[in-house]
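Novice: Test case, fold it:
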Amino acid sequence: MPEPLTLEQNAALVSAYAELEQRLYEVLGTWAGAEPVAGAAVLFDELSQQHAWHAELWAERVPAVPGLAVVSGGCGPGHDLLRAAAGLDGGAPRLAALSRIVLPRVVAGYRFHIARATEVTDGPVIRALRLALHDDVDAMLRAEDLLQSLAGAAEAAEAVAGVLGGPERALPGPGLVAWPA
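Specialist: A predicted model of the protein is given here:
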């Protein structure tokens with residue numbers, strides 16, 4: 001069993017999750033407003049609001065302990081990936097980035113955190129991880145289903161791999177946030 005996270009490590013991760021979810025809210029909201037494919041626009045808008053709620057959920061779980069300095073690594077290694085994804089144009093490339101690169105990394109990071117957490121000390125964080133994880137797996141599947149329904153989805157996914165492959169390969173571990181050493 002892995003060693004439990006310290007309060008400081010947990011605080012940094014939770015703070016980074018809040019920043020990550022806020023960034024996802026912003027990216028998806030921008031996509032929703034500029035998306036010509038109606039189904040994708042609706043999905044991006046819905047998921048944007050969901051990530052806004054996740055950001056609030058995480059912000060509420062940052063420990064408020066006197067003397068605890070919360071130092072968040074922010075999106076850390078995932079920042080470049082999200083910046084590249086934000087610049088994608090059109091429904092199919094955006095859906096491919098979301099369902100095949102971004103959300104799988106978010107899901108992997110949350111699952112990794114659950115495996116390191118202990119119910120006694122991290123109960124509220126575990127509950128939030130499970131809620132966000134459920135939402136993100138569902139979102140990943142819905143985005144992939146919509147991607148598969150679009151003509152040219154295979155070409156779009158290939159193009160996305162070329163655009164996002166560099167930042168995605170640079171990610172050192174699970175998820176899109178920097179993990180404590």
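Novice: Residue 42 versus residue 36, what's the distance?
Specialist: Going from residue 36 to residue 42 by Cβ to Cβ, to the nearest Å gives 12 Å. (C-beta placed from N, C-alpha, C; glycine too.)
Novice: How about the contacts made by residue 22?
Specialist: Neighbouring residues of residue 22 by Cβ atoms under 8 Å, 6 or more residues apart in numbering: 51-52, 55.
Novice: switch the cut-off to 10 Å
Specialist: Residues near residue 22 by Cβ atoms under 10 Å, 6 or more residues apart in numbering: 51-52, 54-56, 58-59, 75.
Novice: Which of the three states applies to residue 89?
Specialist: Assigned with DSSP: H, G, I helix; E, B strand; the rest coil, residue 89 falls in the coil class.
Novice: Now do it: how many residues are near it, please.
Specialist: 10 (other Cβ atoms under 10 Å).
Novice: now swap in residue 33 and tell me
Specialist: Residue 33, neighbours per other Cβ under 10 Å, totals 11.
Novice: Between residue 36 and residue 42, which has more neighbouring residues?
Specialist: residue 42 (13 against 9).
Novice: What strand or helix carries that one?
Specialist: Following DSSP states H and E, one finds residue 42 within helix 38-59.
Novice: and that helix, what other elements does it pack with?
Specialist: Judged by 3 or more Cβ pairs under 10 Å, 6 or more residues apart in numbering; DSSP states H and E, the packing partners of helix 38-59 are helix 7-34, helix 91-97, helix 103-116, helix 119-149.
Novice: Now do the longest one and helix 103-116, the angle between them.
Specialist: Orientation check (axes from the mean of the first three to the mean of the last three Cα atoms, to 10 degrees): helix 119-149 against helix 103-116 gives 160 degrees.
Novice: how far does helix 119-149 sit from the chain's center?
Specialist: Distance of helix 119-149 from the chain centroid (Cα atoms, centre = their mean, to the nearest Å) equals 9 Å.
Novice: which residues does residue 119 contact?
Specialist: 126-127.
Novice: Now do the helix holding residue 42, average pLDDT.
Specialist: Averaged across helix 38-59, the pLDDT comes to 97.
Novice: Tell me which residues of the next helix or strand after it come out buried.
Specialist: Next helix or strand after helix 38-59 toward the C-terminus (DSSP H and E): helix 78-86. Residues of helix 78-86 classed as buried by neighbour count (16 or more other Cβ atoms under 10 Å): 78-82, 84-86.
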